[in-house]
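here is my input, please return the structure:
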Amino acid sequence: MAFTDIQESNSAKQSLYEWLGGAEKGTENIRLLVETFYDIMEADPKASGLLALHPQDLTETREKLFMFFMGWTGGPQLYIERYGHPRLRARHMPFTIGESERDQWMYCMIKAMHQCQFEESLIRHMANQLYGVADFMRNREG
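Below you'll find the predicted structure:
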């Protein structure tokens, strides 16, 4: 099963994009998640180390994460269409990312999912999937 596929007890396999609302609401929910994530990162002192790695103007950063999440969840491949393969680890290599930065990223993302009022099973599933991605971005110990 691909990492974006979900098996619910009484339904056929569906992508995260479909679980988030598909063509009808998925795009809106992903946009809301990304905007909420960056709003939290900018406002919450627990994310100050993570925020320091980002440019002051987060407009382009917000858009890139939105486009990436669209494809990552199984929706339209907006990021790939514009930028090519995400090459996540290579693109994040210039930034010092350790356990603290990974954990701050996950904190903001999980808090954003809760603020967006995603159902608990979706939050747990996405958090598990995203933790693997966030941990893969680490390029230093500690």
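
Q115 reaches T36, doesn't it?
Yes: in this structure Q115 lies within contact range of T36 using C-beta atoms under 8 Å: 5.2 Å. All C-beta atoms are positioned from the backbone trio N, CA, C, and that covers glycine.

who has more neighbours, those two?
T36 (18 against 14; other C-beta atoms under 10 Å).

looking at this, the more buried one is in a strand?
No: T36 sits outside any strand when classified using DSSP: H, G, I helix; E, B strand; the rest coil, being helix.

quick check: closest non-adjacent residue to it.
A112 (4.0 Å; C-beta to C-beta, 6 or more residues apart in numbering).

the one you found: neighbouring residues, count only.
21.

buried residues, the strand or helix carrying it. List them.
Assessed by DSSP states H and E, A112 sits inside helix 99-115. Residues of helix 99-115 classed as buried: 101-113 (neighbour count, 16 or more other C-beta atoms under 10 Å).

what's that helix packed up against?
With contacts taken as 3 or more C-beta pairs under 8 Å, 6 or more residues apart in numbering; DSSP states H and E, helix 99-115 sits against helix 22-43, helix 48-51, helix 120-136.

what helices or strands is the last one leaning on?
The reference is to helix 120-136. By 3+ C-beta pairs under 8 Å, 6+ apart, helix 120-136 packs against helix 16-19, helix 88-92, helix 99-115.

so how far is the shortest one off the chain centroid?
Read it as helix 16-19. Centre-to-centre, helix 16-19 and its host chain are 14 Å apart (C-alpha atoms, centre = their mean, to the nearest Å).

could you dump the helices and strands packed on helix 120-136 to CSV with mean pLDDT?
Listed next are those as CSV, based on pLDDT from 0 to 100:
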stretch, mean pLDDT
helix 16-19, 96
helix 88-92, 88
helix 99-115, 98
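
let me have the ones you listed in a markdown table, extended by distance to F136.
Listed next are those as a markdown table, based on distance: least, C-beta to C-beta, whole Å:
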| stretch | distance to F136 |
| --- | --- |
| helix 16-19 | 18 |
| helix 88-92 | 6 |
| helix 99-115 | 9 |
